[in-house]
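Visitor: Sequence first, predicted coordinates after that:
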Amino acid sequence: MLTITQNPKKSPLRLFACKCPRCREGDMFRNKNAYALKETMKMNPVCPVCGQPLNIEVGFYYGSSYISYAVTVGLSAVTFAAWFFTIGFSLYDDKIFYWLAFNALLLVVLQPYLMRLARTGWLAIFVRYDRNWRLHKVKMPERVNEQQEKNW
């Protein structure tokens, strides 16, 4: 029998499902479908499970562009290596241009999910997983100014 203090540890891979970094159970985004393009970036104000505020300060998610850049460069490197080892490149043909077109199309198709993943990763840097989140109070953000939030 599990008690409140003996919560099983949730896998960090749950962040790929855009779950709250604190409890790894609640959804960060209102709509689970990343390809509902009008609602792709609409986030819950707080985690529906643990109450963790998801908007720490005004302009907080501008930093997620660093995560997005790293993920897209890494994904491009993986597709480059896969293309190189399966199809190959040569100085005498246009295979590099086919890879560039394939990679660009892949990144455009994955963009809504990658943007969500970048926000989840950025928040996970600042909000640590708490195995006993039911026992610990949520740390409220210090710098949320709701009047200035829409001025960006």
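Guide: Structure's in. What do you need?
Visitor: As a quick check, tell me the outermost residue of this protein.
Guide: Here the chain reaches farthest from its C-alpha mean at Tyr92, the gap being 39.9 Å by C-alpha atoms, centre = their mean.
Visitor: Report the secondary structure state of the most centrally placed residue in the chain.
Guide: In the chain, the centroid-proximal residue (C-alpha atoms, centre = their mean) is Leu117; its distance is 1.8 Å. The three-state assignment at Leu117 reads helix, by DSSP: H, G, I helix; E, B strand; the rest coil.
Visitor: how far away is it from Trp133?
Guide: The gap separating Leu117 from Trp133 is 22 Å, by C-beta to C-beta, to the nearest Å. In this view, the C-beta of every residue, glycine as well, is placed from N, C-alpha and C.
Visitor: Same question for Leu75.
Guide: 31 Å.
Visitor: Then Leu114?
Guide: 27 Å.
Visitor: And these two? Which one has more around it.
Guide: Comparing Leu114 with Trp133 by other C-beta atoms under 10 Å, the one with more neighbours is Trp133, at 21 against 17.
Visitor: and that one, how far is that from Ile87?
Guide: The value you get for Trp133 to Ile87, if C-beta to C-beta is used, is 47 Å.
Visitor: Leu114 too?
Guide: For Leu114, the distance to Ile87 equals 24 Å [C-beta to C-beta].
Visitor: got the buried residues for stretch 124-143?
Guide: Of the residues in stretch 124-143, 124, 127, 129-130, 133 count as buried by neighbour count, 16 or more other C-beta atoms under 10 Å.
Visitor: closest to Arg14 among the residues you listed?
Guide: Tyr129 (9.5 Å; C-beta to C-beta).
Visitor: Got the confidence number for that closest one?
Guide: The per-residue pLDDT reported for Tyr129 equals 89.
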